[in-house]
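got a structure for you, letters missing:
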C-alpha cells in the first residue's frame, strides 16, 4: 500500500496513534467529503475557504472561487493546505477531559496551478461534478465557450498528506468507570432529505438515481 | 444590529451578493457548527486544523490540539482565520456551470492567546463543552488539577468576520429552462443516529435529553 513519507510537514504530532499515511485511506476520506477547506496565506495573514473539489489520481481540482488571493498565493510558488473532515460522532466520556469526537480527517499539501487549456479545464470540471454526484456530467448541459472562459480551475499536485482518525467508545480513566454518568457515542451522519424539484422544471422528468439514492457512505463509493 | 465593518480582510469579493456582516447571523452560523477549521501559517506554509471550539460573546475558545505550530503562530502576534461551514444542500442546475451548493459559512479573524489561570481555563472549557451539548458540563466529572494542567486553551478575540450564504433553487440561464434535465435541490443535514451507550456504563443510567434529542437546527439553539 503506497504511503506518504512522514516529514516535518505532514506528521501527526498530537495523538500520533491516530495518524495514518496510507494514500488509499487518505484519498477515501477526501473522496467522501463534499467540501474541502483550503488554507493559504497572504503574508502573515492566513485564509481558509470552503471549496468544491474533485480528485483524479494525485491531483485535487479546486473550483468555486476565483479568489485573486488564492491565485496570488499560488503564483508565488506557495503550497496549499487542503483539509477534508468527516464528523462521525460525539464521544461523551464520564470526565470532561476525555470527551472527544469520532472523525476521519485528511490533510493534503501541494502546489497549485491554474488550468489553461479547454481539455484540461473540462476534465477537471468533470471530476468536480462527478465527485458531487456520480453520473451528473452526462446528464447536465455541458459548459459552452463563454462559461468555460469564465471558469477558473486550479489543479493541485498532491505532494504529501496524512489522515487522522478516531473511532469507538469513550476512553475514561479507570477510576471514573464507576461514576453514575451517561457515557457513549452519539453517531452523526450527513444525510440527504427529500429532494426538492425546481418549480420551473418541465413535467415528466424523473429524479435521477444519484439524487434519489444519494449516499456518501464509503461502501457506495468503492465501485 | 451590530455589523462588522467591511475591510479588505473580511469583504466577500466573489459573489458579494451572498456576503453578510451582521454579527448576529455570523455568530448563529458559528454556534451551529460542531467543528471549526482553523487556518494559520508557519512562514509561507499554511496549515488548516479541524478543532472543537466554544464561543462567549466576542471570544472563540479553541481546544483539542496543543499544536506547537498554532501557538508559535500566535506568539508571533499573527491573526488566525477560523472558518465555520454548514452544508445545507446540493443545487442541481440544468447546466454544469450553474451547479452550486446551498450553505451557510462564517469566517472570523482575530488574534489568540493561551489562557493561563484556572478560572479562565475552566470557563473556556465549559463554553467548549456546552457548545457541543448544552447541559453536559453539570453532568460530567469536571477537570481535576492534573487534567487542567495538561489542557491548553486558546482564546481568540474576534476582530472581524463575515458570512456567506446561498439558499434556494438553482438559477439557470433563461434558455436552459426548456431542457429535459432534472433540476432541484437535494437538502443535506447532519443528523444524529441512535446513541450507542458505552458497554462499560453502570446499569440504570438514562441517556440525557441533549443526547436523546440532539439537534443543531437553528430553532433549537435560540433558547
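Ah, there it is. Quantities reported herein were computed from a predicted structural model and do not represent experimental measurements.

Going by C-alpha atoms from here, please, whenever you check contacts or count neighbours.
OK.

following the helix or strand of chain A with the lowest mean pLDDT, which helix or strand shows up next?
Least confident helix or strand, chain A: helix A:68-75 with a mean of 73, by mean pLDDT, DSSP states H and E. Counting by DSSP states H and E, the element after helix A:68-75 in chain order, helix or strand, is strand A:79-92.

Parallel or antiparallel, which strands does that next one pair with?
strand A:36-42 (antiparallel), strand A:100-114 (antiparallel), strand A:184-192 (antiparallel) (DSSP bridges).

Name all residues that make contact with the residue lying farthest from the centre of chain A.
What lies farthest from the middle of chain A is residue A:178; by Cα atoms, centre = their mean that is 39.5 Å. Neighbouring residues of residue A:178 by Cα atoms under 8 Å, 6 or more residues apart in numbering or on different chains: B:201, B:202.

Using the three-state scheme, assign it.
Secondary structure state of residue A:178, per DSSP: H, G, I helix; E, B strand; the rest coil, is coil.

got it, and residue A:54?
strand.

Does it touch residue A:127 like I think?
Yes - Residue A:54 lies in contact with residue A:127 (Cα atoms under 8 Å); the separation is 4.9 Å.

Mutual contacts of those two, please.
residue A:61.

more crowded one of those two?
Between residue A:54 and residue A:127, counting by other Cα atoms under 10 Å in any protein chain shown, residue A:54 is the more crowded of the two (24 against 20).

number of nearby residues for the residue nearest to that one when sequence neighbours are not counted?
In space, residue A:54 comes closest to residue A:128 once its chain neighbours are excluded; the distance is 3.9 Å by Cα to Cα, 6 or more residues apart in numbering or on different chains. Applying other Cα under 10 Å, we find 25 residues neighbouring residue A:128.

Remind me what the longest helix along chain A packs against, helices and strands.
Longest helix in chain A by number of residues, with DSSP state H as the criterion: helix A:118-132. Applying 3 or more Cα pairs under 8 Å, 6 or more residues apart in numbering or on different chains; DSSP states H and E, we find helix A:118-132 packed against strand A:45-56, strand A:59-63, helix A:136-139.

want to throw the ones you listed into a markdown table with mean pLDDT?
Below are the helices and strands packed on helix A:118-132 laid out as a markdown table (pLDDT from 0 to 100):
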| stretch | mean pLDDT |
| --- | --- |
| strand A:45-56 | 94 |
| strand A:59-63 | 93 |
| helix A:136-139 | 98 |
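
List of residues touching stretch A:116-123?
Here stretch A:116-123 makes contact (Cα under 8 Å, 6+ apart) with A:115, A:148, A:153.

contacting residues around the first one?
This points to residue A:115. Here residue A:115 is in contact with A:121, A:152, A:153, A:154, A:155 (Cα under 8 Å, 6+ apart).

count of neighbours near the fourth one?
Translated: residue A:154. 25.

Name the nearest residue to it, ignoring sequence neighbours.
Leaving out its chain neighbours, the residue that sits closest to residue A:154 by Cα to Cα, 6+ apart is residue A:114, at 4.5 Å.

Out of the contacts of stretch A:116-123, which is nearest to residue A:107?
Nearest to residue A:107 among the contacts of stretch A:116-123: residue A:153, at 20.1 Å, using Cα to Cα.

looking at it, that closest one is touching residue A:128, isn't it?
No - using Cα under 8 Å, residue A:153 is not in contact with residue A:128; the gap is 9.9 Å.

Name the residues contacting each of the two.
Common neighbours of residue A:153 and residue A:128 (Cα under 8 Å, 6+ apart) are A:61, A:62, A:63.

residue contacts, the last one?
With Cα under 8 Å, 6+ apart as the criterion, the residues that contact residue A:63 are A:51, A:52, A:53, A:125, A:128, A:152, A:153, A:154.

Counting neighbours, which of those comes out on top?
residue A:53 leads these on contacts (other Cα under 10 Å) with 28 neighbours.

That one pairs with what?
With DSSP bridges as the rule, residue A:53 is bridged to residue A:62.

does it really touch residue A:82, like I thought?
No - if you go by Cα under 8 Å, residue A:53 and residue A:82 don't touch, sitting 10.3 Å apart.

which residues do these two both contact?
Contacts common to residue A:53 and residue A:82, judged by Cα under 8 Å, 6+ apart, are residue A:36.

sorry, back to before: go through the helices and strands packed on helix A:118-132 and name the closest to residue B:216.
Among the helices and strands packed on helix A:118-132, the nearest to residue B:216 by Cα to Cα is strand A:45-56 (19.9 Å).

List of residues touching that closest one?
A:31, A:34-41, A:60-65, A:124-125, A:127-131, B:37-41, B:46, B:48, B:78-83, B:85, B:107.

Quick check, residue A:62 in contact with residue A:154.
Yes - under the criterion of Cα under 8 Å, residue A:62 makes contact with residue A:154 at 5.1 Å.

Residue A:203 - how many residues pack around it?
Neighbour number of residue A:203 under other Cα under 10 Å is 9.

can you give me phi and psi for it?
Main-chain dihedrals, residue A:203, degrees, to the nearest 10: phi -70, psi 160.

and if you look at residue A:207?
phi -70, psi 140.
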